[in-house]
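Participant: Sequence first, then the predicted structure:
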Amino acid sequence: MGEETLSVRDNRTGEEVEIPISDGTIRATDLRQLGLMSYDPAFLNTASTRSGITYIDGDAGILRYRGYPIEQLAEHASFLETAWLLFEGELPTREQLDAWEEEVRVHTYVHTNVTQFLDGFRHDAHPMGMLLGAIAALSTFYPDAKEIGDAESRRLQRVRLIAKFPTIAAWVFRHSRGLPYVFPRNDLGYIGNFVNMTFEIGGQHEPNPVLQRALEILLVLHADHEQNASTNAVRGVGSTQVDPFSAVSAGVAALYGPLHGGANEQVLRMLDEIGDVKNVPAFIEGVKKHERLLMGFGHRVYKNYDPRAKLIKRVADDVFAQTGVDPKLEIALELERIALEDDYFVSRKLYPNVDFYSGIIYRAMGYPTDYFTVLFALGRLPGWLAQWEEMLSDSEQKIARPRQVYTGYGERDFVPLANR
Ligand code: CMC
């Protein structure tokens with residue numbers, strides 16, 4: 001078979017060009033031969049990179065990290081094991097995993113000055129606002145993080161971020177509650193340490209292994225999702241060659257939005273507002289009239305059930321067996337039942353996404369609603385860092401700088417203030 005090409009004829013000039021097709025894709029820059037740009041607001045049909053990290057088939061509901069199905073990783077892998085897989089491309093050996101866990105453990109402490117500026121936030125500051133500020137501020141503690149051309153420096157910053165993020169996330173939680181900060185403990189694992197730093201009171205916290213494993217599975221499920229909005233933000237900001245703390249804080253900012261990671265918080269607010277199963281049909285009618293969105297439904301890439309949402313429903317069973325069932329679950333199940341039968345949702349291929357059930361679980365675990373997206377950020381961090389690394393090692397990537405189609409005024413003369 002010869003080279004696959006797309007024949008394009010410009011009817012304005014009669015000019016014809018053959019544009020090579022590779023991996024089902026044409027290069028937008030090939031259109032320059034015709035003096036054309038491609039226009040794709042919100043990147044509906046534009047690949048911004050080649051990537052070997054995460055594979056999604058949105059029609060079939062498939063998600064794989066480095067080739068491994070998400071279902072298998074959720075069942076068997078720890079969160080740090082998953083992070084290693086995303087970074088290194090292979091599952092770690094026992095020795096590699098032990099060394100990686102140890103390296104992360106010895107970097108969990110954060111400069112105590114960080115507690116001072118966390119103290120500066122108002123008592124009711126949103127946890128995501130605090131998180132993104134604190135992560136950006138970490139860049140000032142590690143000026144060597146600017147050495148992004150040095151592979152060993154990049155690796156060290158990655159370890160620092162993975163290790164310190166739970167500490168900061170836990171301190172954000174403590175600040176919201178007016179509780180003293182709890183420091184990391186070297187005798188605890190990654191998840192145990194985080195949970196202890198959030199929930200310990202008076203030196204006491206009784207760990208619940210089922211809830212900790214459930215949290216770990218949720219983090220694994222969130223660990224990467226190819227070119228989602230926050231990853232795109234990390235790559236875009238990272239493409240300016242800024243340090244990774246600043247690039248990751250851009251990811252946190254993007255995740256904060258209610259259409260992205262902030263949806264898990266909005267789902268709970270929506271369930272609270274609906275209040276009772278009997279109010280579900282009226283709520284759905286409002287959604288169908290475009291008065292509002294059914295939060296936790298729909299996805300840019302999945303046009304089928306989000307595989308993560310399926311797994312999360314199973315996690316919910318384990319969690320509720322420990323904590324008792326949240327009455328909001330009944331409302332969520334009824335919303336899902338009606339939506340999956342209704343033509344509005346069926347014809348638009350709107351299914352529950354990862355955020356639909358995660359918030360109910362986080363709440364059962366004891367996290368307040370405005371904290372849910374922090375947990376999403378903790379989970380997504382390895383993906384951001386793996387994608388940042390991949391971008392920096394890709395010789396085709398340059399500063400991300402889109403073009404525009406100008407729609408403003410033509411040239412006009414300045415009018416003095418007195419004449420306006
Ligand atoms: N409720 C009601 N209608 C919806 C919803 C929804 N949740 N999502 C999409 N639609 C409708 C939308 O109004 C449009 O209808 P029409 O064709 O009549 O104009 C159609 O479905 C296509 O939607 P779209 O907005 O063009 O799709 P998109 O790919 O641009 O947006 C989305 C994807 C996730 C932003 C969107 O589905 C949404 O806003 N969902 C609610 C927020 C949410 O749950 N976000 C979490 C996403 S998954 C995890 C993550 O990324 O954090």
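Facilitator: Sure, I can see it. Numbering: from 1, shown residues only.
Participant: check contacts around residue 350.
Facilitator: 294, 297, 298, 339, 344 (CB atoms under 8 Å, 6 or more residues apart in numbering). C-betas here are computed from N, CA, C, even on glycine.
Participant: Mean confidence (pLDDT) on whichever helix or strand residue 355 is part of, please.
Facilitator: Residue 355 is located in helix 354-365, with elements delineated by DSSP states H and E. The average pLDDT within helix 354-365 is 94.
Participant: Just the buried ones from the contacts of residue 350?
Facilitator: With burial judged by 16 or more other CB atoms under 10 Å, the buried subset of these is 294, 297, 298, 339.
Participant: Can you add pLDDT and give the residues you listed back as a markdown table?
Facilitator: As requested, those are exported to a markdown table (pLDDT from 0 to 100):
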| residue | pLDDT |
| --- | --- |
| 294 | 96 |
| 297 | 95 |
| 298 | 95 |
| 339 | 93 |
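Participant: Including distance to residue 121 and secondary structure, could the residues you listed go into TSV?
Facilitator: Shown next, in TSV, are these (distance: CB to CB, whole Å; DSSP: H, G, I helix; E, B strand; the rest coil):
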residue	distance to residue 121	secondary structure
294	32	coil
297	32	strand
298	33	coil
339	38	helix
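Participant: Report the contact partners of the residue in the stretch 201-350 of the chain that the ligand sits nearest to.
Facilitator: Closest to the ligand within the stretch 201-350 of the chain is residue 298: 2.3 Å, counting by CB to the nearest ligand atom. By CB under 8 Å, 6+ apart, residue 298 lies in contact with 348, 350, 351, 353.
Participant: What about the first one, how many residues nearby?
Facilitator: So that's residue 348. By other CB atoms under 10 Å, 11 other residues sit near residue 348.
Participant: picking up where we left off before, quick one, phi psi at the residue of the stretch 201-350 of the chain closest to the ligand?
Facilitator: phi 90, psi 150 (degrees, to the nearest 10).
Participant: One more: the one 5 residues further on?
Facilitator: As for residue 303, its main-chain torsions (degrees, to the nearest 10) stand at phi -110, psi 30.
Participant: Low-confidence bits of the chain, can you list those?
Facilitator: Along the chain, the parts satisfying pLDDT under 70 run over 1-2.
Participant: Using the record's assignment, carve it into domains.
Facilitator: 68-254+371-390, 263-307+316-365 (automatic domain parsing).
Participant: sorry, back to before: can you show me the CA trace of the helix holding residue 355 as PDB?
Facilitator: In PDB, the C-alpha atoms belonging to helix 354-365 read as follows (Å, rounded to 0.1, in the frame of the first residue of the first chain):
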ATOM      1  CA  VAL A 354     -15.700   9.700  37.200                       C
ATOM      2  CA  ASP A 355     -17.100  12.600  39.300                       C
ATOM      3  CA  PHE A 356     -20.700  11.300  39.700                       C
ATOM      4  CA  TYR A 357     -20.100   8.900  42.500                       C
ATOM      5  CA  SER A 358     -16.700   9.800  43.900                       C
ATOM      6  CA  GLY A 359     -18.000  12.700  46.000                       C
ATOM      7  CA  ILE A 360     -20.500  10.500  47.800                       C
ATOM      8  CA  ILE A 361     -17.700   8.200  48.700                       C
ATOM      9  CA  TYR A 362     -15.400  11.000  49.800                       C
ATOM     10  CA  ARG A 363     -18.100  12.400  52.000                       C
ATOM     11  CA  ALA A 364     -18.600   8.900  53.600                       C
ATOM     12  CA  MET A 365     -14.900   8.900  54.300                       C
END
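Participant: could you say what helices and strands that helix packs with?
Facilitator: Packing partners of helix 354-365 (3 or more CB pairs under 8 Å, 6 or more residues apart in numbering; DSSP states H and E): helix 209-222, helix 263-274, helix 307-323, helix 328-341, helix 372-392.
Participant: I would like the residues contacting that helix, please.
Facilitator: Contacts of helix 354-365 (CB under 8 Å, 6+ apart): 211, 214-215, 218, 221-222, 261, 263-265, 267-268, 271, 295-297, 306, 308-309, 312-313, 315-316, 319-320, 323-324, 326, 328-329, 332, 336, 369, 371-372, 375-376.
Participant: And that helix, how far out from the chain middle?
Facilitator: 15 Å (CA atoms, centre = their mean, to the nearest Å).
Participant: buried set for that helix?
Facilitator: For helix 354-365, by 16+ other CB under 10 Å, it's 354, 355, 356, 357, 358, 359, 360, 361, 362, 363, 364, 365.
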